[in-house]
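Student: Okay, structure incoming, though there's no sequence with it:
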């Protein structure tokens, strides 16, 4: 994609127009630069390797069978704070994975994968994001590909003058010293160096700072919500001081995050739960508690996060869990050590935890068919929201609870048994029954909880809930119905985050078998691709009702931008 003359005057790009030189040259060779706006030509030093050659019509030729490639010195004006632009006109003559077009290990690169799709790869101080274009390029045809990464985090890829991909790539671009390379890609696999080479022709190579203008607030872009698990963050020294909390939120603001989901479980644990004696706790739990207690002696981290967030223009929602009341120490947390906490409410009322037909409990997961359970949790959420001056509530349906290995084991508490018998004349503890009606009945009470919470929450506070994809919860809870359609249609929530899961296989790695689950996002059971779910199911319903829809996804997913017109609001990451 060509750039306007004014932009080229400042981009310090190297445009390499090749002319005939001796084949098999292994030393740096100078090529005259195409004249753009400057009165005198500048020279670009290019080194040809392993027999890479220049044809009479000024085309650089690579043959992967000969491991041929070229290196180009970095222009002096290329700086991380200016972003980066890579541009190349080329045609590939062989289909193979990893054909590298242009770039530098540790900065940015363009390459072609095994399906002939263009991939843009960046290295930033926050990771190594990769954007994949949807449509493949054609072999034996000339294409112009541009990677343009702006300092404000937006990455664009253009193919033959058309925008082919756009994403948000968080962080600041890294730019270590060294040459840029065309035609070769190097990496390590199992500790051993590996290389891949391109086969084809190149007529133009340009390097320089970004030429894209910063996005205006009116430009279409996904809203971004970022979750901050403060308890986890402090274990890694990321938020144990006021300065670090500010730094963390400033980074979020810089990457265009608008909403912070700040986990308030540390305050909930301190206020509403009881810990087992320290000598019974696992060492990592003792370490965790000591750090938290030390921080609280200096300041309240949630109050500080809200204060700083508001100063930066961020909305701050309190991330609170509704299926995470803990367990007696006789239950093994993560299959390894005594469960370290349990809510005072379920210690006093163990009958409120979900039960199987024989009365055994799934600790930590409360049955919302009990009015007392709904009242307890509504009061807790309102109190926490008021205490910290939060802008809203993010209801998380994740849990640390021991998982149900059989999906339909729990859900036989008295209110469910009595209501099912009233409606359908069956005793679900002793008789066969319609399990689908039972699953939906259980889901009705979660909907009732949201009605009561919506009524109690001040009108100026946003209510957001995160659920797994699909119509049933999946591990660790079972097949309880997720009636998200009613939540949206009745505007019981302002926002829905789709893709919120516990990740039980990581939390409880010794549990290998989960039976009878209709949906299991972690295993992929019962699910369509996420882009199809958003396009055909969640997006239209949320758009009609005016409810904001977020998905758990990387900002680099190529399907995100097209779905912003189909009901998708943004991303939570």
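Tutor: Now that the structure is in, tell me what you want to look at. None of these values were measured; they are calculated from a predicted model.
Student: My guess is residue 154 contacts residue 165. True?
Tutor: No. Taking contacts as CB atoms under 8 Å, residue 154 lies outside contact range of residue 165: 11.0 Å. For glycine as for every other residue, the C-beta is placed from the backbone atoms N, C-alpha and C.
Student: Please look at residue 494 and residue 548 and confirm they touch.
Tutor: Yes. Between residue 494 and residue 548 there is a contact under CB under 8 Å: 6.4 Å.
Student: Mind checking which of those two has more residues around it?
Tutor: residue 548 (21 against 17; other CB atoms under 10 Å).
Student: Need the phi and psi values for that one.
Tutor: When read as degrees, to the nearest 10, the backbone of residue 548 gives phi -80, psi 140.
Student: quick one: it from residue 223, how far?
Tutor: Residue 548 is 7 Å from residue 223, where distance means CB to CB, to the nearest Å.
Student: Need the residues touching each of those two.
Tutor: Here residue 548 and residue 223 share the contacting residues 569-570, scored by CB atoms under 8 Å, 6 or more residues apart in numbering.
Student: where's the nearest residue to residue 442 once chain neighbours are set aside relative to residue 448, distance?
Tutor: Distances taken as CB to CB, 6 or more residues apart in numbering place residue 480 nearest to residue 442, at 4.6 Å, with adjacent residues excluded. To residue 448, residue 480 is 13 Å away according to CB to CB.
Student: what about those two, which has more around it?
Tutor: Neighbours per residue, other CB under 10 Å: of residue 480 and residue 448, the larger number sits with residue 480, 27 against 15.
Student: just to revisit the earlier point, where do the contact lists of residue 494 and residue 548 overlap?
Tutor: residue 464.
Student: Would you double-check that residue 100 falls in a strand?
Tutor: Yes. Residue 100: assigned to a strand according to DSSP: H, G, I helix; E, B strand; the rest coil.
Student: ok, for it, nearest residue in space, not its chain neighbours?
Tutor: residue 185 (3.7 Å).
Student: Averaging pLDDT per element, find the lowest-scoring helix or strand in the protein.
Tutor: Between all helices and strands in the chain, the lowest mean by mean pLDDT, DSSP states H and E belongs to strand 28-32, at a mean of 27.
Student: what residues are up against residue 462?
Tutor: 315, 317, 391-393, 494-495.
Student: again, 6 Å this time
Tutor: 392, 494 (CB atoms under 6 Å, 6 or more residues apart in numbering).
Student: ditto for residue 174
Tutor: 106, 123.
Student: ok, so what distance separates it from residue 151?
Tutor: In terms of CB to CB, residue 174 sits 13 Å off from residue 151.
Student: Same question for the residue nearest to residue 442, what's its three-state structure.
Tutor: strand.
Student: and it, what does it touch?
Tutor: Contacts of residue 480 (CB under 6 Å, 6+ apart): 442-443, 473.
Student: export these to CSV and tack on secondary structure and pLDDT?
Tutor: Formatted as CSV, the contacts of residue 480 follow (DSSP: H, G, I helix; E, B strand; the rest coil; pLDDT from 0 to 100):
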residue, secondary structure, pLDDT
442, helix, 98
443, helix, 98
473, strand, 96
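Student: Now flag whichever of the residues you listed is closest to residue 308.
Tutor: Set against residue 308, the nearest of those by CB to CB is residue 473 (34.5 Å).
Student: what secondary structure does residue 146 sit in?
Tutor: Applying three-state DSSP: residue 146 is strand.
Student: just checking, it touches residue 87?
Tutor: Yes. In terms of CB atoms under 6 Å, residue 146 counts as a neighbour of residue 87; the distance is 4.7 Å.
Student: before we move on, what SS does residue 213 have?
Tutor: From three-state DSSP, the assignment for residue 213 is coil.
Student: neighbours of it, just the number please.
Tutor: Neighbours of residue 213 using other CB under 10 Å come to 11.
Student: ok, now how distant is it from residue 264?
Tutor: 39 Å.
Student: do the same with residue 434
Tutor: 39 Å.
Student: Give the residue from the two that has the larger number of neighbours.
Tutor: A direct count of neighbours by other CB under 10 Å for residue 434 and residue 264 places residue 264 higher, at 27 against 13.
Student: Would you map the helices across the stretch 201-350 of the chain?
Tutor: Residue ranges of the helices in the stretch 201-350 of the chain, as given by DSSP state H, counting those that start in this stretch, are 230-235, 242-254, 265-272, 283-298, 301-312, 344-348.
Student: Relative to residue 537, which of these is closest?
Tutor: Taking the helices of the stretch 201-350 of the chain one by one with CB to CB, helix 242-254 is closest: 29.6 Å.
Student: For the closest one, the averaged confidence score.
Tutor: Across helix 242-254, pLDDT averages out at 91.
Student: what's in contact with that helix?
Tutor: Residues outside helix 242-254 that contact it (CB under 6 Å, 6+ apart): 226, 239, 304-305, 308-309, 312.
Student: Between all of these, which two are separated the most?
Tutor: The most widely separated members of the contacts of helix 242-254 are 226 and 304, with 16.8 Å between them, by CB to CB.
Student: what residue ranges in this protein score low on pLDDT?
Tutor: Residue ranges of the chain with pLDDT under 70: 1-45, 170-171, 176, 215-219, 554-556, 558.
Student: What residue spans form the domains of it?
Tutor: The chain resolves into domains spanning 5-208, 227-527 when parsed by automatic domain parsing.
Student: Including distance to residue 537, could those go into a markdown table?
Tutor: A markdown table is the format used below for the domains of the chain (distance: least, CB to CB, whole Å):
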| stretch | distance to residue 537 |
| --- | --- |
| domain 5-208 | 21 |
| domain 227-527 | 9 |
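Student: who touches residue 364 in this structure?
Tutor: The contact partners of residue 364, by CB under 6 Å, 6+ apart, come to 324-327, 399, 401.
Student: and of these, the nearest to residue 463?
Tutor: Looking across the contacts of residue 364 and measuring by CB to CB, the closest to residue 463 is residue 324, at 18.3 Å.
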